[in-house]
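Student: Here is the input, now give the coordinates:
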Amino acid sequence: MEELYEVIAEWAVPGSKTGKMGDEVFDRPLAWGEHTMLKFGGHVCTVHLAGGLDQLFREFILASMLGPLMLGLAFKDVTKKQEPVTETYTPQDNDYYAGGGG
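Tutor: Residues are numbered from 1 along each chain as shown. The predicted structure is shown next:
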């Protein structure tokens, strides 16, 4: 998982044609996380937050760190090759949608 640091100073990198920025940050992170996969496919996530942070800012940090992780875990099967659907629907005479009235 990512680490979040407070920025002291930020500047444009001299000679950069792409607009790269350099920065200086404090040594101590404001937030950092750990992610562990369990043997049977489970996941354990721990987010550590530095003391003295505003409650609303803490919630924002948690959402920004855990949101992408949860989406990644929820949709990990989307990238697997799916079998094509071979079943087709054939309306029956007594089918409501085929005009039979149900």
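
Student: if you go through this structure in chain order, where are the helices?
Tutor: When assigned using DSSP state H, the helices of the chain occupy the ranges 55-74.

Student: could you pull out the strands for it?
Tutor: Using DSSP state E, the strands of the chain run over residues 3-4, 7-12, 21-25, 31-37, 43-49.

Student: Can you lay out those strands as CSV showing distance to residue 63, mean neighbour count and mean pLDDT?
Tutor: The way it works is simple: take the backbone N, C-alpha and C, and place the C-beta from them, glycine included. Below are the strands of the chain laid out as CSV (distance: least, C-beta to C-beta, whole Å; neighbours: other C-beta atoms under 10 Å; pLDDT from 0 to 100):
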stretch, distance to residue 63, mean neighbour count, mean pLDDT
strand 3-4, 12, 14, 88
strand 7-12, 20, 9, 93
strand 21-25, 21, 11, 92
strand 31-37, 11, 14, 85
strand 43-49, 11, 13, 85
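
Student: okay, those strands in JSON lines with distance to residue 56 next?
Tutor: Listed next are those as JSON lines, based on distance: least, C-beta to C-beta, whole Å:
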{"stretch": "strand 3-4", "distance to residue 56": "15"}
{"stretch": "strand 7-12", "distance to residue 56": "19"}
{"stretch": "strand 21-25", "distance to residue 56": "22"}
{"stretch": "strand 31-37", "distance to residue 56": "14"}
{"stretch": "strand 43-49", "distance to residue 56": "13"}
